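1. Need a 3D model of the following:
(2 chains)
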Amino acid sequence: QVQLQESGPGLVKPSQTLSLTCTVSGGSISSGDYYWSWIRQPPGKGLEWIGYIYYIGSAHYNPSLESRTTVSLDTSKNLFSLKLSSVSAADTAVYFCARGGPSGDFDYWGQGTLVTVSS
Amino acid sequence: QSVLTQPPSASGTPGQRVTISCSGSNSNIRRNTVNWYQQLPGTAPKLLIYSIGQRPSGVPDRFSGSKSDTSASLAISDLQSEDEADYYCAVWDDSLKGVIFGGGTKLTVL
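-> So this is what the prediction gives:
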């Protein structure tokens, strides 16, 4: 059974970079034809896809966030990461990591982690 | 304002059949597979339907999905109290070049 777990700071200051990690267990992140995604949900609002990375390392981002987003893989630690730069209060959200990509079928999810942007 | 339009709310009584719609366009629903998610309060979304009408292991066959032209629907039959949740559709958009979600529908079981 694949399991995902997000980790990272729960509070980030405006204009700084939000950094989160998603550790995958129950399977290798670099085996199989899988994509790995980040998705967020502002409090009380809907879901927004941020970006995905393919198991071979190529990434694709939401065009509305692309200039500020980097998703990377660390196959030695079986995890993938999100960096979102120049954050503002509008980036306050629960951030989820999930397995899935361009087909939009995210079959395994982390529990989510709340990141608040505030000084 | 989402590119995919869902009704903000829906309701039904136990045992009833309810449907939730997801309206899109040529660049998303018409051309690509539609997925549906259930999100219980305080939890991560759960994949309910993928590739239009397929159910992951463990999802009851009370849940079904369909698509016609630029719209998709999720049907829940024999409604149960534990179905009370938020439901989202999701699909790839060829114009936006990304995965998009509907705004979500809050289902209340009366």
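2. Near chain B, which residues of chain A? Just list them.
-> A:37, A:46-49, A:52, A:60-63, A:96, A:98, A:101-107, A:109-112 (Cβ under 8 Å from any Cβ of the partner chain). Every C-beta, even on glycine, is put in place using the N, C-alpha and C of the backbone.
3. which SS class is the residue nearest to residue A:102 when sequence neighbours are not counted?
-> Leaving aside its sequence neighbours, residue A:102 sits nearest to residue B:92 (Cβ to Cβ, 6 or more residues apart in numbering or on different chains; 5.2 Å). Counting by DSSP: H, G, I helix; E, B strand; the rest coil, the backbone at residue B:92 sits in strand.
4. Enumerate every residue touching residue B:92.
-> Neighbouring residues of residue B:92 by Cβ atoms under 8 Å, 6 or more residues apart in numbering or on different chains: A:102-104, B:28, B:32-33, B:98-100.
5. Which one of those residues sits in the busiest neighbourhood?
-> The most crowded member of the contacts of residue B:92, judged by other Cβ atoms under 10 Å in any protein chain shown, is residue B:99 (29 neighbours).
6. Could you check how far it is from residue A:15?
-> Distance, residue B:99 to residue A:15, by Cβ to Cβ, to the nearest Å: 28 Å.
7. before we move on, what about residue B:39?
-> Noted for residue B:39: a distance of 31 Å to residue A:15, by Cβ to Cβ.
8. Likewise for residue B:87?
-> Remark: distance between residue B:87 and residue A:15 (Cβ to Cβ) = 36 Å.
9. bridging residues for the residue nearest to residue A:102?
-> residue B:99 (DSSP bridges).
10. Look at it and report its pLDDT.
-> You'll see residue B:92 listed with a pLDDT of 97.
11. Next: residue B:53.
-> On pLDDT, residue B:53 comes in at 88.
12. host element of the spatially closest residue to it that is not a sequence neighbour?
-> Spatial nearest neighbour of residue B:53, excluding adjacent residues (Cβ to Cβ, 6+ apart): residue B:65 at 4.8 Å. Element membership of residue B:65, judged by DSSP states H and E, is strand B:63-68.
13. Specify the next element, helix or strand, located C-terminal of that strand.
-> Elements were assigned by DSSP H and E; along the chain past strand B:63-68, the next helix or strand is strand B:71-76.
14. Show me which residues of chain B sit near chain A.
-> Counting by Cβ under 8 Å from any Cβ, chain B comes close to chain A at B:2, B:32-35, B:37, B:43-47, B:50-51, B:56, B:88, B:90-92, B:96-104.
15. can we see that at 6 Å?
-> Selection of chain B residues close to chain A by Cβ under 6 Å from any Cβ of the partner chain yields B:35, B:44, B:47, B:50, B:88, B:90-92, B:98-99, B:101, B:103-104.
16. correct me, but residue A:72 touches residue A:81?
-> Yes. Counting by Cβ atoms under 6 Å, residue A:72 does reach residue A:81; the two are 5.1 Å apart.
17. More neighbours: which of the two?
-> Using other Cβ under 10 Å as the criterion, residue A:72 and residue A:81 rank with residue A:81 on top: 21 against 13.
18. per-residue confidence for residue 6?
-> The chain I'm using is chain A. Confidence at residue A:6, expressed as pLDDT, is 98.
19. Please refer instead to chain B.
-> Confidence score, pLDDT, at residue B:6: 98.
20. burial of it, as a residue count?
-> 24.
21. the more surrounded of residue B:39 and residue A:15?
-> Taking neighbours as other Cβ under 10 Å, residue B:39 and residue A:15 compare with residue B:39 leading, 20 against 11.
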